[in-house]
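Trainee: Output the structure for:
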Amino acid sequence: MMNYDYIVVGAGSAGAVVANRLSADPRNSVLLLEAGPADHPWTRIPVGSARMITNPAVNWLYSSEPGASTNGRRIPVPRGRMLGGSSALNGMAFVRGQALVFVSWALLGNQGWSYESVLAFF
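Mentor: Now for the predicted structure:
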């Protein structure tokens, strides 16, 4: 039986970053668990997300509950189950937050969160 200092469940965007940061210290033994595959050919091209949207090997196939605002329909809620998680399933879409939101965070006292401060990370 193997022993680990840390076990990170889910290799999506957040889980992968957490595991990377923990494993940067060579004294730490880290296990990163993911339910799906490490890779899928359709993740490499934007149109591939349409091919993965109904594929249970890489998508948990969650959906919303039927509701009045959806006329009783269930709406698909894609959630990735592969290395990269939902970020690997998103069709390479990229949306940057509004500059004013970051400015307001900085004005509330959150140092390092101004738009200019975070722009380098985008």
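Trainee: Ala57 and Trp42: what is the separation?
Mentor: As defined by CB to CB, to the nearest Å, Ala57 lies at a distance of 10 Å from Trp42. Where you see a C-beta, it was placed from the backbone N, CA and C, and this is true even at glycine.
Trainee: so how far is the host helix or strand of Trp105 from its chain's centroid?
Mentor: Per DSSP states H and E, Trp105 falls inside helix 99-107. Centroid separation between helix 99-107 and its chain, computed with CA atoms, centre = their mean, to the nearest Å, is 23 Å.
Trainee: Please identify the buried residues of the very next helix or strand once past that helix?
Mentor: In the C-terminal direction, the helix or strand that comes right after helix 99-107 (DSSP H and E) is helix 115-118. Neighbour-count burial for helix 115-118, counted by 16 or more other CB atoms under 10 Å, picks out 115, 118.
Trainee: same check, this time on stretch 88-103
Mentor: Quick answer for stretch 88-103 (16+ other CB under 10 Å): 88-91, 102.
Trainee: What is the nearest of the residues you listed to Met52?
Mentor: Leu89 (5.7 Å; CB to CB).
Trainee: list the contacts for that closest one?
Mentor: Each residue near Leu89 by CB atoms under 8 Å, 6 or more residues apart in numbering is listed here: 43, 49, 52-53, 58-59, 78-80, 82.
Trainee: any idea how far Leu61 is from Gly48?
Mentor: 17 Å.
Trainee: no no, Leu22
Mentor: 31 Å.
Trainee: Just the buried positions in the helix of greatest length in the chain, please.
Mentor: The longest helix of the chain (DSSP state H) is helix 13-23. Neighbour-count burial for helix 13-23, counted by 16+ other CB under 10 Å, picks out 15-16, 18-19, 22-23.
Trainee: Outline the domain layout of this structure.
Mentor: 6-95, 96-122 (automatic domain parsing).
Trainee: Save those as CSV, and put in mean pLDDT too.
Mentor: Converted to CSV, those look like this (pLDDT from 0 to 100):
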stretch, mean pLDDT
domain 6-95, 92
domain 96-122, 91
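Trainee: Can you say which of these is packed in most?
Mentor: domain 6-95 (a mean of 14; mean count of other CB atoms under 10 Å).
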